[in-house]
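**Q** with the sequence up front, the predicted model follows.
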There are 2 protein chains.
Amino acid sequence: MYGKFIDNWTIQLKKTILPLLILNMLKQEQLYGYLLIVKIKECTGLEITEGTIYPILNRLKEDGWLDCKWIEQKTGIPRKYYTLTMDGEKMLKELNSNWNTIIKDINSQIEI
Amino acid sequence: MYGKFIDNWTIQLKKTILPLLILNMLKQEQLYGYLLIVKIKECTGLEITEGTIYPILNRLKEDGWLDCKWIEQKTGIPRKYYTLTMDGEKMLKELNSNWNTIIKDINSQIEI
DNA sequence: TAAGATACCTCGGATTACAATGTATTTTTC
DNA sequence: GAAAAATACATTGTAATCCGAGGTATCTTA
């Protein structure tokens, strides 16, 4: 059985990619932490917890790639919505470019 | 300046991908640790040290994905060459398939 | 009204990664 | 031909990271 090795590696890879994924999701629409957990699960199958998502969002905000604002709900708890800053958009363009380069480099080593 | 964030993330991603890359390289030809360091640099620009490559190779061997044998050189130090086992080949097929799925999932979130 | 879901946040101990270090031979350089 | 640099293996201590667990609060459902 080789499932365990593959599972661990796959989960690790998805976690490494998280910032890229989160930034790209936030480029399309503003989102809050708890919803990101759900969306990431939908998109990648990866089940993360709050202990994973909030530190990442805080870090991206501290670095200046994200803004956030509290939005009151008609009903329910207020939510902290995140959006990309101008810097964040520029940075993301380069990050996506890097992502593509890496994929190309790696795929060049994978036989078809 | 956003280079630092991008650099760190890029390096981290490449390191996470290392096992996939190494296994695919070894599928094409038998290689030894020191040469892998050179080839990985050529392919991805990632500069790793022995402290990185040998533990990975040992781990892959312990797990049963790799075989190794010492080969004496006409001149120079003997080298420890690694090859894929049958299990390793099967596992790699699945690993590559996972890799493609992840790329597809992530790219679906990246605007063009 | 209790349980479960939504939504935020923090932190310390477990894990992990790798720089540094060590050995030995060969090649190059001056 | 001595010293330095390169080739090639291996290990390990600690520095950094990560996230499960735990905490607060409100809303919904059974």
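**A** All right, it came through fine. No experiment lies behind these values; they were computed from the predicted model shown. Numbering: from 1, shown residues only, chains lettered A, B, ... in the order given.
**Q** I'd guessed residue A:72 sits against residue A:78; true?
**A** Yes - because the distance of 4.9 Å satisfies CB atoms under 8 Å, residue A:72 is recorded as touching residue A:78. Glycine gets a C-beta too; all of them are placed from N, C-alpha and C.
**Q** neighbouring contacts of stretch A:24-35?
**A** Where contact means CB atoms under 8 Å, 6 or more residues apart in numbering or on different chains, the residues beyond stretch A:24-35 that reach it are A:36, A:39-40, A:43, A:50, A:53-54, A:57, A:66, A:79-84, A:88-89, A:92, A:96, B:106, B:109-111.
**Q** derive a PyMOL selection command for the buried subset of these.
**A** PyMOL command restricting the contacts of stretch A:24-35 to the buried ones, with burial defined by 16 or more other CB atoms under 10 Å in any protein chain shown:
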select buried, (chain A and resi 36+40+43+53+57+66+79+80+81+82+84+88+92+96) or (chain B and resi 106+109+110)
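**Q** need the three-state assignment for the residue nearest to residue A:92 when sequence neighbours are not counted.
**A** Across the structure, with CB to CB, 6 or more residues apart in numbering or on different chains as the measure, the residue nearest residue A:92 apart from its sequence neighbours is residue A:23 (4.9 Å). With DSSP: H, G, I helix; E, B strand; the rest coil as the basis, residue A:23 sits in helix.
**Q** run a quick neighbour tally on residue A:23.
**A** Close neighbours of residue A:23, defined as other CB atoms under 10 Å in any protein chain shown, add up to 22.
**Q** that one: what's it in contact with?
**A** A:60, A:65, A:84, A:88, A:91, A:92, A:95.
**Q** which residues in chain A form strands?
**A** Counting by DSSP state E, the segments of chain A that form strands are A:31-32, A:66-71, A:79-84.
**Q** got a list of what the most centrally placed residue in chain A touches?
**A** Closest to where the C-alpha atoms of chain A average out (CA atoms, centre = their mean) is residue A:22, at 2.4 Å. Residue A:22 makes contacts with A:36, A:40, A:56, A:57, A:60, as judged by CB under 8 Å, 6+ apart.
**Q** farthest-separated two in those?
**A** Distances among the contacts of residue A:22 were taken as CB to CB; the most separated pair is A:40 and A:60, at 14.3 Å.
**Q** where does chain A have low pLDDT?
**A** A:1-2, A:112 (pLDDT under 70).
**Q** contact residues of it facing DNA strand D?
**A** Neighbours of DNA strand D within chain A, by CB under 7 Å from any atom of the strand: A:15, A:48, A:49, A:50, A:51, A:52, A:55, A:75, A:76, A:77.
**Q** give me the buried entries from the residues you listed.
**A** residue A:48.
**Q** any idea which of the residues of chain A next to DNA strand D is closest to chain B?
**A** Sorting the residues of chain A next to DNA strand D by how near they are to chain B, with CB to the nearest CB, puts residue A:15 at the top with 8.4 Å.
**Q** test my guess that that closest one contacts residue A:52.
**A** Yes - taking contact to mean CB under 8 Å, the distance of 7.5 Å between residue A:15 and residue A:52 places them in contact.
**Q** which neighbours do those two have in common?
**A** Listed as contacting both residue A:15 and residue A:52 by CB under 8 Å, 6+ apart is no residue at all.
**Q** from chain A, which residue is nearest to DNA strand D?
**A** Distance from DNA strand D to each residue of chain A (CB to the nearest atom of the strand) is smallest for residue A:51, at 2.2 Å.
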